[in-house]
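>>> coords below, sequence missing:
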């Protein structure tokens, strides 16, 4: 682990204490990522807001998981892939979907696969998707507002994935059963 501080409600900057309390209420504990983000209250606040907004998006739980995990896997986030595997279980997402995302194998549903393909295009092309990318996404049944919601999810995941990379955030105990390493890494 690098020298980033993992704060608790006592050591955190004053402006982060209520945010950590919110994390604890939502997750039953303070996730390690949130403990690190607490060093910069605006970062933790922004992340929590993006997370809530993405939860409120029009995507169902399977689709939210596809967006999150596609980005997590592409970014090879050692922390977020296991964390979102546990979150997916709590959201009722099937192991078949979770395993396909973790293992980068085909998803059991063509529409979900189209969502993964489009999300990957957004990540790999840094948002510079082309008409073919958009057409394939729309042909699968998605609409323009879904494009924007993928970008919302991507914004949230860039924050968490990059912070976990620089901080080498240790896995939370709840995520340890779902530990993951990117294939070929």
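Alright, I've got the coordinates. What you see is a predicted model; the values in this text were computed from it and never measured.
>>> look up how far residue 117 lies from the residue nearest in space to the middle of the chain.
For the chain, the residue nearest the mean C-alpha position is residue 68 (3.9 Å; Cα atoms, centre = their mean). Here the criterion is Cβ to Cβ, to the nearest Å. By it, residue 68 lies 15 Å from residue 117. All C-beta atoms are positioned from the backbone trio N, CA, C, and that covers glycine.
>>> residue 140 now?
Residue 140 sits at a distance of 9 Å from residue 117 (criterion: Cβ to Cβ).
>>> so for the closest residue to residue 47 other than its chain neighbours, what's the pLDDT?
Nearest non-adjacent residue to residue 47, counting by Cβ to Cβ, 6 or more residues apart in numbering: residue 159, 5.2 Å away. On the pLDDT scale, residue 159 is placed at 98.
>>> contacts only, for residue 159.
Residues counted as contacts of residue 159 (Cβ atoms under 8 Å, 6 or more residues apart in numbering) are 43, 46, 47, 50.
>>> one more: residue 160?
Contacts of residue 160 (Cβ under 8 Å, 6+ apart): 33, 47, 77, 79, 80.
>>> coming back round to it: what helix or strand is the residue nearest to residue 47 on?
According to DSSP states H and E, residue 159 maps onto helix 144-167.
>>> in that helix, what counts as buried?
By neighbour count on 16 or more other Cβ atoms under 10 Å, the buried set for helix 144-167 is 146-147, 149-150, 152-154, 156-157, 159-161, 163-164, 167.
>>> show me where this protein has helices.
14-27, 32-37, 41-55, 61-74, 80-90, 95-103, 110-124, 131-139, 144-167 (DSSP state H).
>>> just confirm residue 113 contacts residue 106, I think it does.
Yes: using Cβ atoms under 8 Å, residue 113 is in contact with residue 106, at 6.3 Å.
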